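1. need the 3D shape of this:
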Amino acid sequence: MRFALLISISLVGMFALGPGAKAQDYPWCAVYDMGDWSSNCGFVTEAQCWATVHGIGGYCTPNNTYRPPRNRAAR
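-> Residues are numbered from 1 along each chain as shown. Below you'll find the model as predicted:
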């Protein structure tokens with residue numbers, strides 16, 4: 001009985017929350033030189049990326065996995 005209740009609550013929760021969040025895909029990545037070479041590919045413009053790494057070390061590079069959104073044809 002508890003298992004059926006748990007499954008029911010889980011299914012209601014999944015459908016009540018709607019579709020899941022989608023990952024954002026941006027064209028510019030910042031690579032930080034803070035000892036571990038971490039990166040952040042969350043920048044829309046190159047200038048935004050450089051403003052972020054300015055003063056903390058690192059560089060900006062194009063995101064090689066970026067896929068621009070497809071334009072839908074007008075009807």
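2. where along the protein do the strands fall?
-> With DSSP state E as the definition, the chain shows strands at residue ranges 28-32, 39-43, 58-62.
3. what residues sit buried inside the last one?
-> Right, the one you point to is strand 58-62. Within strand 58-62, the residues scored as buried using 16 or more other CB atoms under 10 Å are 58, 60. Bear in mind the C-beta positions are built from the backbone N, C-alpha and C, glycine included.
4. give me the contact list for that strand.
-> With CB atoms under 8 Å, 6 or more residues apart in numbering as the contact definition, strand 58-62 has outside contacts at 27-34, 43, 46, 49-50, 53.
5. and it with strand 39-43, angle?
-> 60 degrees (axes from the mean of the first three to the mean of the last three CA atoms, to 10 degrees).
6. show me what contacts R67?
-> The contact partners of R67, by CB under 8 Å, 6+ apart, come to D25.
7. please name the nearest non-neighbouring residue to D33.
-> The shortest distance from D33 to any non-neighbouring residue, by CB to CB, 6 or more residues apart in numbering, is to G57 (4.1 Å).
8. report the separation between the one you found and V44.
-> Distance from G57 to V44, counting by CB to CB, to the nearest Å: 22 Å.
9. can I get stretch 31-45 as PDB, trimmed to CA atoms?
-> Taking Å, rounded to 0.1, in the frame of the first residue of the first chain, the C-alpha atoms of stretch 31-45 are listed here in PDB:
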ATOM      1  CA  VAL A  31      38.300  29.400 -19.000                       C
ATOM      2  CA  TYR A  32      39.500  30.400 -15.600                       C
ATOM      3  CA  ASP A  33      43.100  30.100 -14.400                       C
ATOM      4  CA  MET A  34      42.400  29.600 -10.700                       C
ATOM      5  CA  GLY A  35      44.500  26.500 -10.200                       C
ATOM      6  CA  ASP A  36      42.000  24.000 -11.600                       C
ATOM      7  CA  TRP A  37      41.300  25.400 -15.100                       C
ATOM      8  CA  SER A  38      37.500  25.500 -14.700                       C
ATOM      9  CA  SER A  39      35.200  26.800 -17.400                       C
ATOM     10  CA  ASN A  40      31.900  28.500 -17.800                       C
ATOM     11  CA  CYS A  41      30.100  28.400 -21.200                       C
ATOM     12  CA  GLY A  42      27.300  30.800 -20.200                       C
ATOM     13  CA  PHE A  43      28.100  33.900 -22.200                       C
ATOM     14  CA  VAL A  44      26.100  35.400 -25.000                       C
ATOM     15  CA  THR A  45      28.800  37.800 -26.200                       C
END
